[in-house]
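**Student:** structure for the following, please:
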Amino acid sequence: MNRLFPALDIHFASDADSACDLRDRLVAGLDDFQPTAIEEAARTWRVFFDSPDSRNRALAWMRSLGDRRVTADPLDVEDEDWARRSQADLQPVRVGRIVVSPPWCADTAREQARPNDILIVVVPSTGFGTGHHASTRLCLAFLQEIAVRGRTVLDVGTGSGLLAIAAARLGASAVTAVDNDRDALDAARENLGLNLVGVPFRLHDADFQALADAHADIVVANLTGELLRRAAADLFKCARPRADLVLSGVLAEEQSRVVGAFESAGATLRTAKAEDEWVGLHFTVAASGIPGLQPGSRVPA
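**Tutor:** Take a look at the predicted model:
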């Protein structure tokens, strides 16, 4: 029997077409209920949750808004139905020299690949990344701009495993992909089998905060702005001296709070990238790993 995913269908009235404030408010508010995915169309959003309780609380919050421009209906979606609908729409996505393709387009994508392209095949599954979301693309862009070859990578909240697989294909010496959602790990395991990575690759069923040995040269976390803000100190602890932190899933309005949390933990912001309403952030860690101590400084006695 296929798993049922609790979801909301959110419908926008015609006079909400240009209401960016309403849509931004919904994205920010729904984030409190930890949606696993949002399918966006012009007049309808389908928002997936990891439990009926989260879905029902999100529905109650939406109805409490009392905004006539938007309505919401609860439903349960079979994973097979979602994947079948996706097959009609999802096409390969290019970010720099990385091309992410669903399996049914992989042969064509391979034939059309440019020299030095990296093709990654990902099976669509509800709630897990396929490269079609701006936050995922921002992380893929950062991974191609920083030095990955020969360094260890920790992918926190790996979902489909796409970012972890990308890091491996970009030359990482070893990759650890962490998620506490077993369905996500099953998806990542399937995708790992479709892509040759050629380096030690560990899929770990755990909360990253429980991994005492998870120190890495590069930490990638495509989560939500609020979760990143709350976990800033713990993510910083996962980073070795001189590490890179690649973060995304941050709304533009959350950027200053997330940056402040990581700077307070001891990271230094190097670059921020924006796509649509989403922001990706690249931080670095000092040579000692001690907040405020820059490379070349002497460690206090």
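
**Student:** can we go C-alpha only for contacts and neighbour counts from here?
**Tutor:** Fine.

**Student:** which residues are contacting stretch 192-205?
**Tutor:** In this structure, residues lying in contact with stretch 192-205 by Cα atoms under 8 Å, 6 or more residues apart in numbering are 120-122, 161, 165, 168-169, 172-182, 185, 188-189.

**Student:** now it: how far from the chain's centre is it?
**Tutor:** Its chain's C-alpha centre and that of stretch 192-205 lie 18 Å apart, by Cα atoms, centre = their mean, to the nearest Å.

**Student:** ok, now stretch 33-51?
**Tutor:** 14 Å.

**Student:** between the two ends of it, how far is it?
**Tutor:** Terminal residues of stretch 33-51 are spaced 10 Å apart (Cα to Cα, to the nearest Å).

**Student:** what of stretch 220-237?
**Tutor:** Terminal residues of stretch 220-237 are spaced 13 Å apart (Cα to Cα).

**Student:** which helix or strand contains residue 9?
**Tutor:** In this structure, residue 9 is located in strand 4-12 according to DSSP states H and E.

**Student:** what angle separates the following helix or strand past that strand from strand 4-12?
**Tutor:** Note on strand 4-12: by DSSP H and E, the next helix or strand toward the C-terminus is helix 20-30. If you take axes from the mean of the first three to the mean of the last three Cα atoms, to 10 degrees, helix 20-30 sits at 160 degrees to strand 4-12.

**Student:** summarise which helices and strands helix 20-30 is packed against.
**Tutor:** If contacts are counted by 3 or more Cα pairs under 8 Å, 6 or more residues apart in numbering; DSSP states H and E, helix 20-30 sits against no helix or strand.

**Student:** circling back: report the buried members of the contacts of stretch 192-205.
**Tutor:** Neighbour-count burial (16 or more other Cα atoms under 10 Å) applied to those gives 120-122, 161, 165, 168-169, 172-180, 185, 188.

**Student:** those residues in strands, which ones?
**Tutor:** Under the assignment DSSP state E, those contribute 120, 121, 174, 175, 176, 177, 178, 179 to strands.

**Student:** adding distance to residue 77, write these out as CSV.
**Tutor:** Output for those, formatted as CSV (distance: Cα to Cα, whole Å):
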residue, distance to residue 77
120, 27
121, 24
174, 36
175, 33
176, 31
177, 27
178, 26
179, 22
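
**Student:** need the contact partners of stretch 31-38.
**Tutor:** Outside stretch 31-38, the residues within contact range by Cα under 8 Å, 6+ apart are 45-50, 54-55, 57-58, 126-128, 224, 226.

**Student:** below-threshold pLDDT in the stretch 151-300 of the chain: ranges please.
**Tutor:** For the stretch 151-300 of the chain, the stretches with pLDDT under 70 are 211-213, 289-300.

**Student:** with that, I have no additional questions.
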